[in-house]
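Trainee: Could you look at this predicted model? Sequence included:
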Protein chains: 2
Amino acid sequence: MRRVLFTALICLIALLPLSAASPDEDALYGFTAATSRTERDWENKFRAIPDAKNLRDSMQRLSARPHHVGSPYDKQNAEWILSQFKSWGLDAQIEQFDVLFPTPKERVLELTEPTHFTAKLQEPPVASDPTSNQQSEQLPTYNAYSIDGDVTGRLVYVNYGLPRDYEELDRLGISVKGAIVIARYGNSWRGIKPKVAAEHGAIGCIIYSDPRDDGYFQDDVFPAGPMRNENGVQRGSVMDMPTYPGDPTTPGVGAKGDVKRLALKDITTLTKIPTLPISYGDAKPLLAALKGPVAPESFRGALPLTYHVGPGPAKVHLKVAFNWDIKPVYDIVFKIPGSESPDQWIVRGNHHDGWVNGAEDPISGQIALLEEARALGELLKQGWKPKRTIIYCAWDGEEPMLLGSTEWAEFHADELKQHAAIYINTDGNGRGFLGVEGSHSLEKFVNSVARDITDPEKKVSVWKRSQSYRLTQGRPDDRKDARTRSDLRIGALGSGSDYTAFLDYLGIASLNVSYGGEDDSGIYHSIYDDFFWYMNFSDKDFVYGQALSQTVGTMVLRFADADVLPYDFSDFADTIHKYSDELKTLLKNKQEQVRDRNQDIDDGAYNAASDPRRPTVAPPKEEVPPFLNFAPLENAQNALDHSAQRYSKAVKAFSGATLSQQSLQSINTKLLLAERKLTNPDGLPRRPWFKHMIYAPGFYTGYGAKTLPGVREGIEEKRYQEAEKEIIRAAQALQNYAAAIDSAAADLEKAVR
Amino acid sequence: MRRVLFTALICLIALLPLSAASPDEDALYGFTAATSRTERDWENKFRAIPDAKNLRDSMQRLSARPHHVGSPYDKQNAEWILSQFKSWGLDAQIEQFDVLFPTPKERVLELTEPTHFTAKLQEPPVASDPTSNQQSEQLPTYNAYSIDGDVTGRLVYVNYGLPRDYEELDRLGISVKGAIVIARYGNSWRGIKPKVAAEHGAIGCIIYSDPRDDGYFQDDVFPAGPMRNENGVQRGSVMDMPTYPGDPTTPGVGAKGDVKRLALKDITTLTKIPTLPISYGDAKPLLAALKGPVAPESFRGALPLTYHVGPGPAKVHLKVAFNWDIKPVYDIVFKIPGSESPDQWIVRGNHHDGWVNGAEDPISGQIALLEEARALGELLKQGWKPKRTIIYCAWDGEEPMLLGSTEWAEFHADELKQHAAIYINTDGNGRGFLGVEGSHSLEKFVNSVARDITDPEKKVSVWKRSQSYRLTQGRPDDRKDARTRSDLRIGALGSGSDYTAFLDYLGIASLNVSYGGEDDSGIYHSIYDDFFWYMNFSDKDFVYGQALSQTVGTMVLRFADADVLPYDFSDFADTIHKYSDELKTLLKNKQEQVRDRNQDIDDGAYNAASDPRRPTVAPPKEEVPPFLNFAPLENAQNALDHSAQRYSKAVKAFSGATLSQQSLQSINTKLLLAERKLTNPDGLPRRPWFKHMIYAPGFYTGYGAKTLPGVREGIEEKRYQEAEKEIIRAAQALQNYAAAIDSAAADLEKAVR
């Protein structure tokens, strides 16, 4: 669902020199020398299996027709995936949930003043693209979970529609109260745009794709190139995901059978105002009809016009109405029971539903999952017996709101919390560099796997390629890290794909994995995201599809087979130091900024600098942020440093030893449950569904992660007392986590002794 | 001539609390308490005189018809200015020089492949603009001092056409050898573009105005708004100004009478390849016909297309031929002899020639000079007797190549070197904030004047307004300076207007002064820079014209009347520390960057990161810059710090005393000659005309200053041995300067004692 952006590369991974993690050069982390050898054999066998022809055929099959939630082809795909799993000897089933999924009944957008223009709201077929003409099956262009509405008002251009954009508008003296806003896509989860617009009093929200962001400014447009043409529209959900994802009628419960559901009027996560996405072909006449101040430079896109913010004289009529239906979603799930520790689960998923044909999103990831499944079937036939239970999930309903994964995770919450060691997600794939985001207890593990995967284009390890990218094209900090740190960093997970419920609701250590960065793409959530596009502009020989299968498959095997679950806590501890330093700097900068600004306001500097022909409004004076008590966090960091070091030392001592099954079972159970300590049952302020104290999607970013979210958002949103309380809660979680690690380390020391 | 950019504001000025400079709160710096009172009276009288109606009428008169060099109206304007000066009782004369000024005979630009398109090369009249239809008198759109040429070749887009752009093209594997380049205007003196293109083997150069830079991206286009429309073309000189300005046939000599002239073939400063400027209307079909790699993001403008760099398939035919005529330029000059120190000269100038009607450039500055002259005439009638000689100059021929000012300065070089205390330049004016660049021995003086000028829009001092701008909208360093430093900084002078010969060739302390920053402008050097435009989009009530007259007039009076010439050297010394630190950081960063990059090249990181579908070329390995001996510079800084402090102390002691005329005469002569010590008769490497060791236009920037230019450009251009030698030469100049200050301070101490 989430657009795979090149910025994901900021979170590239790398490998430590193996020796840093293990006294035995040949031993994999979490394995003994002997079990390493066996493991490497199976992994090598596994990696030989994924096949480009299969990947291609599966993509062609799965993207042949539109396959959104509730469509005939969505169901056919689910049944086909089930049959594939079964054909490989895997014990697969379809698990159905019933969810609220609105589809459009009526869509009208017209400019009524100063001239008249009616938006097309249509993506026409492209002659050379054989699936683009399946109009009878395509979902119209719309934003799911917009409320119904019929509004008319003056238009205001609000850039990306984020809080800082409204601050800039305030400086220009522009209010959106009673107006319809037009925002451009990008820089946040799209549901943030109508949310913030409504918070500022707007009555409607239009979202368009500016050619600056994924159109001709970036590369040639489809079908001549990969980018969005003037007719391309980004469909997508605008639900308030950062409050809770999944079926909006059943927060926290699996939407199955006769579950109790919220009435439509009681759902808090629908937009407050009607919302509709449009192409830049439709947006251009609207923007051209705006006057008022010239938009600040950061607001300006690539249309050949002067961007003004309004309000008006453009006046707009926006009408949307939806079928508020309950629709089935079909998750296809198989389990391979563990031979030694069946109660320790390795969970792996990718969704299969698309907004239309969805070749890139999600089929390019789904086909990698299918090849992994086939390879697992092969290995089982060859006698491989994974120690732990492996669960593969092909999710449905990710696009509307992570429906299939969230409902499944909520329905199976108790057993998942007890058993799940890791959740590994993918969601679309491309050509280029390995990008990984996830729990930092897995950073070293990810680095170790990346070293064993060969880049199909350059025949070096994907780690070396990622490191090279960062060294030669990274930002200064990234370059420095890539040059000096033994592990390259992985990014933190926000939201936008199916890992959300696993990490944020259940507290299961999670990863999101993809390749990308070499091809740009402007067909996201349009009818042009199809097999024809993918074969022309992306991983057309499917070598990165193979690489993704190999990468994730290796992760699954290694986590399923390790003697000691290959978590490591030193990188996590280091990352917490980084986050904590960021928070202190954030507060300090805000203090200085507010203090200086208040002084400038008092001195009349804003008035003196203002242009009388284009007057600006001084920002309001603000309370200077108080100093906060970071001591609980610092104490927790200290405890964590200590535990992490102790654990690393214990693991090093272990790798030559052979431990009893019983010791390992007990240590691994402790390790597996450690990430759960980072959650708090009460969740984050005002959004109790989000229980992880370290990672969350930002309330005003959605896709983008906020780390130590309670504290960070408290400071950012000027709730300083709350931030101070959140320091205590986050610190408590970290103390609990440190204690769990310490306990596991003690057990390991004892067992090795 | 130089486009007044908003970035000039980075060099805004500020005022120190008066008390910091003088023990007597009422005493002006360089005056005693008694002479201060008299001076303030005359300055107040002066500032009451400049009149908005006069300014308006003069602009209308002077911009009524095209008035470029050699045109009938240029001569008529000269005669009218002369008559005005005379009518105010001023002893004015026209001084004529005869200079090479090419005008177009033939201009052809066509796209010959893959389709055919012929560029219009025309700026059509605009119905509402009454002077835009004077086509018979308008110079066609062209670049003066392009050579004749007739070339055909494949097209390559080179962004701004600067060395770093070619480095990016190298990384893409693109060569311009044998190609015609198309560069966009901006980020350098335009003559740099054909120079660098020719250095890289190009055979022709087209320069266009991208709408990103001064078109619709910035604001609405003319006549609806102030910005360049699709037909607007920027004329302008492309001579190699950073080698030497002025008449290209007479470097270093005044082009008068039977002066010996270089033959056309022996002139080194003409372009090496034919060059032509075009509108974005003409550029669009050319850029749209390019394929090859997508241009790097920093290359992309605001045209609604994907910017590719080529080469080709676009093929272009470019033909230009010129009339290589000698034309007269008419400088109008008046002198007011000094009553006490007639041998100490205050020189003030602004040019009167335009490319077409030139209302903004240069008439908006010229009319301020006229009002100053009228006011000086008034004051003389009222009995004011300036101590020193005042010389006012209305230059001709600035646009082609600073012709009138350079030839005059070269012709009068000996007496100017002996007598000139300061040169104050203006060149166009607008609405907004005071911007000053110049010699840092004048920084404190500029600050003191700015405090006495009232901003016409905000009724605070123009200093307070400038400071407010910097506090609220400056970059972090500027904000900090504005908050903590007693004087706000003035910028260093590069080139692009008539101060060049005074500062860089003669070593006379110089200033360039203007108001601006509130109105954007995209009519620079086009037929639309006219009275109609100015009355709609700039200082239409001429209050900033008044402010400019008041500001420069106050500077002239104060410098002419001071007991001790109001130089100060502490800000100069501080500025040298800043420049020296910059150079050390530059070298250190380059060392680190080259070392890291060489390592990455050796490790194959560039190859590993390169995309095989869009291959890039690793940069070449480079010598790691050696450490350089900065000690001579550090010793000179030390000497300078000491002298500056000693001088400041001596001036403080002076302000209560009354000195003999003889003492003052001798001290002031030393002070007046001090800036000359910063020159070296051999000039800069490979450009001996430029003799100042501290300030120069960059060899690859033109407009932009390079400070400590020999050293800085040595490091930037990888001539490290030369840089080390230049440290010694710059240090020697600074030592000589420090010694001169020290000597003046000693004299002052003795005189006061």
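Mentor: Now that the structure is in, tell me what you want to look at.

Trainee: who in the stretch 101-250 of chain A is up against chain B?
Mentor: A:Pro211, A:Tyr216, A:Phe217, A:Gln218, A:Asp219, A:Asp220, A:Val221, A:Gly225, A:Met227 (Cβ under 8 Å from any Cβ of the partner chain). For the C-beta atoms, the positions are set from N, CA and C on the backbone; glycine is no exception.

Trainee: neighbours around the fifth one, how many?
Mentor: Going back to what we said before, that points to A:Asp219. Other residues within reach of A:Asp219, judged by other Cβ atoms under 10 Å in any protein chain shown, total 21.

Trainee: Would you mind giving the secondary structure of it?
Mentor: coil (DSSP: H, G, I helix; E, B strand; the rest coil).

Trainee: Might you quantify the distance of stretch A:259-278 from its chain's geometric centre?
Mentor: When distances are taken as Cα atoms, centre = their mean, to the nearest Å, stretch A:259-278 is centred 22 Å away from the chain's centroid.

Trainee: next one: stretch A:658-677
Mentor: Going by Cα atoms, centre = their mean, where stretch A:658-677 is centred and where its chain is centred differ by 29 Å.

Trainee: repeat for stretch A:698-715
Mentor: Worked out by Cα atoms, centre = their mean, stretch A:698-715 lies 14 Å from the chain centre.

Trainee: hang on, the earlier thing: I'd like the residues of the stretch 101-250 of chain A next to chain B as a markdown table, with pLDDT appended.
Mentor: Converted to a markdown table, those look like this (pLDDT from 0 to 100):
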| residue | pLDDT |
| --- | --- |
| A:Pro211 | 98 |
| A:Tyr216 | 98 |
| A:Phe217 | 98 |
| A:Gln218 | 98 |
| A:Asp219 | 98 |
| A:Asp220 | 98 |
| A:Val221 | 98 |
| A:Gly225 | 98 |
| A:Met227 | 98 |
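
Trainee: and these, which are buried?
Mentor: The neighbour count (16 or more other Cβ atoms under 10 Å in any protein chain shown) marks A:Pro211, A:Tyr216, A:Phe217, A:Gln218, A:Asp219, A:Asp220, A:Val221, A:Gly225, A:Met227 as buried among these.

Trainee: Return the residues in contact with the second one.
Mentor: Contacts of A:Tyr216 were listed using Cβ atoms under 8 Å, 6 or more residues apart in numbering or on different chains, and they are A:Met227, A:Ala302, B:Pro304, B:Leu305, B:Thr306.

Trainee: Do you have the strands of the stretch 101-250 of chain A handy? List them.
Mentor: Using DSSP state E, counting those that start in this stretch, the strands assigned to the stretch 101-250 of chain A run over residues A:117-118, A:143-144, A:149-157, A:180-184, A:204-208, A:236-237.

Trainee: which helices and strands sit right next to the second one?
Mentor: I take that to be strand A:143-144. Contacts defined by 3 or more Cβ pairs under 8 Å, 6 or more residues apart in numbering or on different chains; DSSP states H and E place strand A:143-144 against strand A:91-113, strand A:236-237, strand A:275-278, helix A:398-401.

Trainee: go on, the first one?
Mentor: Under the contact definition 3+ Cβ pairs under 8 Å, 6+ apart, strand A:117-118 sits against strand A:91-113.

Trainee: how far away is the closest residue in space to A:Ala501 that isn't next to it in sequence from A:Ala368?
Mentor: Spatially, and ignoring its direct neighbours in sequence, A:Ala501 is nearest to A:Ala409 (3.6 Å; Cβ to Cβ, 6 or more residues apart in numbering or on different chains). Using Cβ to Cβ, to the nearest Å, one gets 21 Å for the distance from A:Ala409 to A:Ala368.

Trainee: cool, and A:Tyr579?
Mentor: Going from A:Tyr579 to A:Ala368 by Cβ to Cβ gives 31 Å.

Trainee: for A:Phe85, same thing?
Mentor: Using Cβ to Cβ, A:Phe85 is found at 14 Å from A:Ala368.

Trainee: quick one: A:Ala255 and A:Phe101 touch, right?
Mentor: No. Applying Cβ atoms under 8 Å, one finds A:Ala255 not in contact with A:Phe101, separated by 10.8 Å.

Trainee: between the two, what contacts are shared?
Mentor: A:Leu403.

Trainee: Now do the same for the residue in the stretch 401-550 of chain A positioned nearest to chain B: helix, strand or coil?
Mentor: Closest contact between the stretch 401-550 of chain A and chain B, by Cβ to the nearest Cβ, is at A:Ser468 (3.7 Å). Following three-state DSSP, the label given to A:Ser468 is helix.

Trainee: Quick one, grab the pLDDT at it.
Mentor: Predicted confidence (pLDDT) at A:Ser468: the value is 97.

Trainee: In contact with it: list those residues for me.
Mentor: A:Val460, B:Asp600, B:Asp603, B:Gly604, B:Ala605, B:Tyr606, B:Asn607, B:Ala608, B:Ala609.
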